[in-house]
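Undergrad: The following block contains a protein sequence and its predicted model.
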Amino acid sequence: QVQLGESGGGLVQAGGSLRLSCAASGRTFSLNSMGWFRQAPGKEREFVARIRRSGGATYYSDSVKGRFTISRDNAKNTVFLQMSSMKPEDTAVYYCAAQSSIRGLDYTSSAYYDYWGQGTQVTVSS
């Protein structure tokens with residue numbers, strides 16, 4: 001089992017920046033990718049970013065590309081999401097996710113991931 005814990009959420013003004021962290025514990029050696037999703041009130045959970053453990057390749061949704069940066073510290077089993085030029089529409093609960101099982105699924109799908117954090121609220125005021 002793997003446990004994920006997010007931190008770093010809060011309130012920020014439009015145009016500002018925020019950095020989220022996600023620390024993984026447990027059977028972290030089994031992880032292949034880690035990602036971030038978000039869910040706004042009344043909306044479905046959506047993919048934000050993903051980083052592969054091996055090689056560090058990164059992937060982003062079109063809505064955050066160029067503004068958000070995902071990175072990781074494998075030694076500390078931690079993944080980060082640096083959010084810049086934030087917009088009110090970035091307001092959501094942000095979830096960290098981790099994938100260990102190999103499946104023929106799209107990495108933008110929630111089903112691709114095996115483990116989830118509890119979420120952290122991010123609010124962007126206009």
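TA: Alright, I've got the coordinates.
Undergrad: For stretch 15-23, buried residues please.
TA: Residues of stretch 15-23 classed as buried by neighbour count (16 or more other CB atoms under 10 Å): 18, 20, 21, 22, 23. Glycine gets a C-beta too; all of them are placed from N, C-alpha and C.
Undergrad: which non-adjacent residue is nearest residue 94?
TA: residue 38 (4.8 Å; CB to CB, 6 or more residues apart in numbering).
Undergrad: where exactly do the strands run in this structure?
TA: Per DSSP state E, the chain carries strands over the ranges 2-7, 10-13, 18-26, 33-39, 46-52, 58-60, 68-73, 78-83, 92-99, 115-116, 120-125.
Undergrad: so which of those strands gets nearest residue 106?
TA: Distance to residue 106, taken as CB to CB, is lowest for strand 46-52 among those, at 8.8 Å.
Undergrad: other SSEs contacting that closest one?
TA: strand 33-39, strand 58-60, strand 68-73, strand 78-83 (3 or more CB pairs under 8 Å, 6 or more residues apart in numbering; DSSP states H and E).
Undergrad: export those strands to JSON lines and tack on mean pLDDT?
TA: Output for the helices and strands packed on strand 46-52, formatted as JSON lines (pLDDT from 0 to 100):
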{"stretch": "strand 33-39", "mean pLDDT": "97"}
{"stretch": "strand 58-60", "mean pLDDT": "98"}
{"stretch": "strand 68-73", "mean pLDDT": "96"}
{"stretch": "strand 78-83", "mean pLDDT": "97"}
